[in-house]
Structures are given as structure tokens and as C-alpha cells.
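**Student:** My questions are about this predicted structure, shown below with the sequence.
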Amino acid sequence: MIPFLGPLDVFPPVAASRAEMGGLLAVGGDLSPARLLDAYSRGIFPWGTVEGQPLWYSPDPRMVLFPEEFRLTRSLKKTLRSGRYEIRFDSNFAGVIAACAATPRPGQDGTWITPDMMDAYIRLHELGWAHSVETYSEGKLVGGLYGLAIGHMFYGESMFAHCSNASKVAFAHLIRYLSAHHFAMIDCQMRTEHLASLGGREIPRQTFLARLQALTAPQSKYPWGAAPGSRACWSAEDLSPDW
């Protein structure tokens, strides 16, 4: 049986997650900031709901991306150098999460980003934990991503693109920012070919948890206000030679 969490119940050990169900650990609880932050600190994340109840996962292995292993393709480098897109941080978090929810994805029927999930992450954004990286073309939002920054760990949640390479451009700017500010790992949660193409790989859950504890203890917000606002993170001249 999958445990059902009441409002005050704690999460079961992650070792109890069901591998045959994608790492499903528990159902229920709530999506309060305290619950969500506690979940992430334990290597647990919500992925959709059933009858309004959150589903909590802790898969093994875990998909991650180390910033130094980011794979910058020749075509993406060309796009970055072209100046075609404008990048902004945290200027339209609600727009990004809404676009992530509304964008169709191959092999998925509907979205796991329910209105309750959207409200919960917008609240985390208002509290300074959740952040967005946005890609604009001629002033229109055409791609982006959102996630949480806790300590020196970034937890990626979702991304979308309505133009070629728009989400990859946002991701490249995120990598640049995280590298400059000593973030050592990005949690990508579940394996996808898209993430693998960017340099993501799977590691054992125990390895992930050990690294997580080192990067998020004590649990603290990174001062994300230091991130650039409504301007590109870097210009073509700023790009490293090996990029």
C-alpha cells in the first residue's frame, strides 16, 4: 500500500518508494511551503495529483546535471551568439509556469501542473525560493524554465519552448549563472532524452542524497536577487572559448 499522508504526517523513508511505479513514495499531505521545502530537502518532489491529493516521488536512479557537464551544441552556441533572444530572470514566473502547464508534450496526456501546483510554486516564488529563467523574442515570452534554489542546489521543475531552442537558451543561461555562483548540481528528477542531450545523467539515489545534504545543509535561500534582471546574462564576448 502507498502511504496516505495526513496534514501532520511526515514522509516515509525514501527507500520505501515503489520502483515499479516510477518511485512513487506517498500520496496526500499538502502543498504548503513548509511541506514542499521539507520534501526537497529529503530528495522527494511532487508530481501531479489524484483527486486533489499530491503524489510524492523519490526515484532511483535520479536524473541530475552537473553544470560542468552541460553539453553546448554547435547550433545552440550559434543561437546564443546571434542575440536573437532576450533573457530575463524572475520577471514573469507566473507566465512561465502557466506556459509549462499548457504546452503539449509527446507521450503525455494532459499536465501534472495543476492549478493547485501552480499556486503552490507561485507562493514559493513570492517567498524567494522558486525562480524562473525566461526567453523573449520581440518582447514575447517564447520559452523558459522554473525551479527552486535551496542552498547551492537547483531543483529543476519544468521548461517549455514555443520557438526553436528557446528553452535550451534559457537553460544555458541558467547553467552560466549557477556555475558563476558555485551551484554544484541540478536535480532533473526523471530521465528524458531532452535532458540527456543537454548533459544530464542518472546517478544512484544514495549518491544523490549525499550530495544534496552537502549542498543544502543548512537549508537556506540563495540570494537570487544578485541574478541579472531584464537583460541577457552574458554577451557573445563573455562566452568561454570552450563554449
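**Tutor:** Thanks, I have it.
**Student:** Surely residue 130 and residue 90 touch.
**Tutor:** No. Judged on C-beta atoms under 8 Å, residue 130 makes no contact with residue 90 at a distance of 9.1 Å. C-beta coordinates here come from the backbone N, C-alpha and C atoms, glycine included.
**Student:** Settle it for me: which of the two has more neighbours?
**Tutor:** For residue 130 versus residue 90, neighbours defined as other C-beta atoms under 10 Å are more numerous around residue 130 (25 against 20).
**Student:** What does the pLDDT read for the more buried one?
**Tutor:** Each residue has a pLDDT score; the one for residue 130 is 96.
**Student:** How about residue 218?
**Tutor:** Residue 218 is assigned 59 on the pLDDT scale.
**Student:** and if you look at residue 174?
**Tutor:** As predicted, residue 174 sits at a pLDDT of 96.
**Student:** That one and residue 159, how far apart?
**Tutor:** As judged by C-beta to C-beta, to the nearest Å, residue 174 and residue 159 stand 9 Å apart.
**Student:** so what sits against both of those two?
**Tutor:** residue 145 (C-beta atoms under 8 Å, 6 or more residues apart in numbering).
**Student:** what about the nearest residue to residue 22 once chain neighbours are set aside, how many residues close to it?
**Tutor:** Sequence neighbours aside, residue 59 is the residue nearest to residue 22 in space, at 6.1 Å (criterion: C-beta to C-beta, 6 or more residues apart in numbering). Counted with other C-beta under 10 Å, the neighbours of residue 59 add up to 24.
**Student:** can I assume residue 59 sits in a helix?
**Tutor:** No. The assignment for residue 59 is coil, going by DSSP: H, G, I helix; E, B strand; the rest coil, so no helix is present there.
**Student:** I am finished for the moment; much appreciated.
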